[in-house]
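S.K.: got a predicted structure plus its sequence, pasted below:
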Amino acid sequence: MTFVHPWLLLLVLLPLVWAVFEWRRTPRRVGLILKTVSLLAILLALSEPQFTVFSSRTAVAVLVDTSESLSAKDLERASGIATQIEAARGRNWTRVIPFARKTRAAGAGELHGSWTLTRTPGEAGRGTDLETAIREGIAAFPSGYVPRLVLISDGKENYGSAARAAWQALSLGVQVDTFALAGRPKPELLIESVTAPSPVFTGERFPLELAIRSPRRVAATIETAAEGKAIGAGTVTLDAGLNRVRVNASLTTLGSVELAGTVRAEGLGEARFAKALSVRRPKILLVSDDPPGTEAHLFRTLEAAEFDVQRANAIPRELDSYQIVVLNNWNLQAVAPEDKAALERYARQGGGLLVIGGERNVYVEDRKKQEDLLERALPAKIAPPRTPEGAVIVLIVDKSSSMEGRKMDLARLSAIGVIDNLRPIDRVGVLVFDNSFQWAVPIRKAEDRSLIKRLVAGITPDGGTQIAPALAEAYRRIFPVHAVYRHIVLLTDGISEEGDSLSVAKQAAANRVTISTVGLGQDVNRSYLEKVAEASNGKPYFLSDPSGLEQILLRDVAEHTGTTAVEKPVTPVVTKPTEILEGVGMESAPPLLGYVKFIAKPAADTLMTVERKDPLLVRWQYGLGRTAVFTSDAKSRWASGWVAWKGFDRFWTNLLRDLLPHAQAGEALVEYDSAGDALSVEYRVAREADEP
């Protein structure tokens, strides 16, 4: 015992001397004793006595190996040992520290009254560092405790040095107790190599090739995981000796991703592998001449599917940075020869090429019969019209004074648009009328388009409205022209006497001449225009807003002159079930409102047709790449019902992913030759690639 203020003990004599002096004088000696004792106790308390009691408390750090080298039975035993130590803790300090390549905090699901330890996931679990674990355990001890380490492991370290850590623990006076776990038995299966493409694109189903050596024929299970999450499993049959096995995987995570796998077989144990992959977004070049915004639905779909989409209105010189090139509503016949050569070379060397039809794709009659390079790369080519003979079209344009201003401007532009879309072998005439009529462009071949368009541009409005004489004149001039398709389009914004128009229309129908009528504004005789069109097997159109005039004229002329663009509701039909259509729900697909006639090549896969007749979706392998043709469109013209259909996103995502590169221009493969105890490196170069 010690005192904080020992000098106060000298005052103890004073109460004792006082007690001796008062003992003989007082009869109340019991009270005297009590007072004396009280004074002594007060003095003793003021001196602050201290007592030192010796006892020992232990701090125990329980290091539990949770690496991949342990079996489920090992983890169960380790959890039991950790639980027993925790239960016997009493006044001592304990802490359980799981470790593999490095230490980690216990997971939320590993302690519920008792320990249920799990393996360390991912790359961190595929290593054992006993040295780091022991050092971390020593650093965790609180002061004032007797330190002690408990190591629970199979001892199969592949990082650090347990001997060095044990010497350090000895020098610090830390005792290390060990519990030995059995660990996994050494597998008889051997994975000699793992190869995967590089880079990998998000959403792509890529092949993973394994070289597995087995001592006998056996059924094996292959499981793959990425970032600790299972992504696939399958069963294969391994023969005795070296087996080359291919499994498919798909990743959606961007960046550097670790792909791990396990191969297990009954009686042969399990072998594990790991592979680091670079995953990035595939780049798509969308070449389109449509007004910006019309591809909004397709854009949003592809961006949501992790594609990097870039739009261009011309084909760039350099295509190697893109994985897929999409030609959307692009006139294939107008592509420059050098661009066709670049696209063909791009597809042959591994790029994906997709053609989405659209109204701009037309068949050119006077081109060379020899197939060009772009046609060679595609699985289908544009079909010629129903006849190789030219058509004849007469446009009857109302030029009365009521057409002055915007109506006449749009009428001239619409007539010019029709002329631009005719073939050189077609014939065209433009008849204008007011109170009388005259030929702005007499019927002639559509070869010198610039001259014809200048004549049309000179039309000026004036006068009244007399339709019947102009209609009779147009029929009289078109009737003797030799052509399979003869078509008249009447454009007016006013009311006129019917005259003999109906009899002219009936004669036209009898002689295979069709007449369509277009009424602009509200002041038209709808009944009259409808009767003329119906009597001659044409179509009537009525527009309150003249801004849509050009599209109406183009569509009408195309429909009545045997063009390759067909504009009518059609039903898609699946002719060959394939992975592209998985989960799309084509049975619920709405009709398409048009398509371009293509002819599928004999070696191509025709996956969908239009009403079991013309191809709708065609693909094939071309060199190292894949090319495809979708003969309708992906916007709100022909696919207006599709853009709101729930299968739209899945269809285009699947189709574009199918076109991603499935082979590399070259690759290096490293393998271990167990017989010769050597590494062999094999360089493979594709036939189309430049020799390194």
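M.R.: Cool, got the structure.
S.K.: who are the contact partners of the closest residue in space to Asp649 that isn't next to it in sequence?
M.R.: Leaving aside its sequence neighbours, Asp649 sits nearest to Thr301 (C-beta to C-beta, 6 or more residues apart in numbering; 4.6 Å). From N, CA and C alone the C-beta is placed, and that goes for glycine too. Neighbour list for Thr301: 648-649, 652-653 [criterion: C-beta atoms under 8 Å, 6 or more residues apart in numbering].
S.K.: now Ala474: which helix or strand?
M.R.: Secondary structure from DSSP states H and E places Ala474 in helix 467-478.
S.K.: each with direction, which strands does the following helix or strand past that helix pair with?
M.R.: Toward the C-terminal end, the helix or strand that comes next after helix 467-478 (DSSP H and E) is strand 486-492. Sheet pairing of strand 486-492 (DSSP bridges) gives strand 392-398 (parallel), strand 513-520 (parallel).
S.K.: now render these as CSV, adding mean pLDDT, distance to Val194 and mean neighbour count.
M.R.: Converted to CSV, the strands paired with strand 486-492 look like this (pLDDT from 0 to 100; distance: least, C-beta to C-beta, whole Å; neighbours: other C-beta atoms under 10 Å):
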stretch, mean pLDDT, distance to Val194, mean neighbour count
strand 392-398, 91, 65, 26
strand 513-520, 90, 66, 26
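S.K.: can I get these in CSV with distance to Ile425?
M.R.: Listed next are these as CSV, based on distance: least, C-beta to C-beta, whole Å:
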stretch, distance to Ile425
strand 392-398, 10
strand 513-520, 19
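S.K.: flag the shaky bits of this structure, pLDDT-wise.
M.R.: 52-55, 228, 362-370, 384-389, 559-563, 662-669, 684-692 (pLDDT under 70).
S.K.: now the most centrally placed residue in it: phi and psi?
M.R.: By C-alpha atoms, centre = their mean, the chain has its centre lying nearest to Ala305, at 3.1 Å. As for Ala305, its main-chain torsions (degrees, to the nearest 10) stand at phi -90, psi 20.
S.K.: spit out the contact partners of it.
M.R.: Per C-beta under 8 Å, 6+ apart, neighbours of Ala305: 203, 649, 653, 656-657.
S.K.: go with 10 Å
M.R.: 202-203, 252, 281-282, 649-650, 652-654, 656-657 (C-beta atoms under 10 Å, 6 or more residues apart in numbering).
S.K.: ditto for Gly351
M.R.: 285, 319-320, 322-325, 343, 345, 377, 622-627, 659-661.
S.K.: if we can go back for a sec, relative to Arg650, how far out is the residue nearest to the centre of the chain?
M.R.: 9 Å (C-beta to C-beta, to the nearest Å).
S.K.: and for Lys340?
M.R.: Separation of Lys340 from Arg650 (C-beta to C-beta): 32 Å.
S.K.: most widely separated two among the contacts of Ala305?
M.R.: Using C-beta to C-beta, the contacts of Ala305 reach their maximum pairwise distance at Arg281 and Arg650, which is 18.5 Å.
S.K.: let's see the strand or helix carrying Arg657 as CSV, backbone CA atoms only.
M.R.: For Arg657, the element it lies in under DSSP H and E is helix 648-658. Coordinates of each C-alpha in helix 648-658 appear next as CSV, following Å, rounded to 0.1, in the frame of the first residue of the first chain:
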residue,chain,number,x,y,z
PHE,A,648,-38.6,-2.1,-80.7
ASP,A,649,-35.7,-1.7,-78.2
ARG,A,650,-35.0,-5.4,-77.9
PHE,A,651,-35.1,-6.0,-81.7
TRP,A,652,-32.6,-3.2,-82.6
THR,A,653,-30.3,-4.0,-79.6
ASN,A,654,-30.2,-7.7,-80.5
LEU,A,655,-29.6,-6.9,-84.2
LEU,A,656,-26.7,-4.5,-83.6
ARG,A,657,-25.1,-6.8,-81.0
ASP,A,658,-25.2,-9.6,-83.5
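S.K.: that helix: which residues count as buried?
M.R.: Residues 648-658 are the ones in helix 648-658 that count as buried (16 or more other C-beta atoms under 10 Å).
S.K.: wait, Phe542 touches Ser527, no?
M.R.: No: using C-beta atoms under 10 Å, Phe542 is not in contact with Ser527, being 11.3 Å away.
S.K.: got the residue ranges for the strands in the stretch 151-300 of the chain?
M.R.: 175-180, 190-195, 200-201, 205-214, 218-226, 229-238, 241-250, 255-265, 269-280, 283-288 (DSSP state E, counting those that start in this stretch).
S.K.: for the contacts of Gly351, which PyMOL command selects only the ones that are buried?
M.R.: Filtering the contacts of Gly351 down to the buried ones (16+ other C-beta under 10 Å) takes a single PyMOL command:
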select buried, resi 285+319+322+323+324+325+343+345+377+622+623+624+625+626+627+659+660+661
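S.K.: the lengthiest helix in the chain: how far from the chain's middle?
M.R.: Longest helix in the chain, counting residues (DSSP state H): helix 29-46. Centre-to-centre, helix 29-46 and its host chain are 92 Å apart (C-alpha atoms, centre = their mean, to the nearest Å).
S.K.: just stretch 32-50 next, same as before
M.R.: 88 Å.
S.K.: who touches it?
M.R.: With C-beta under 10 Å, 6+ apart as the test, stretch 32-50 has contacts from 1-12, 14-16, 18-20, 22-23, 25-26, 28.
S.K.: so which of those residues belong to helices?
M.R.: Residues of the contacts of stretch 32-50 located in helices (DSSP H): 14-16, 18-20, 22-23.
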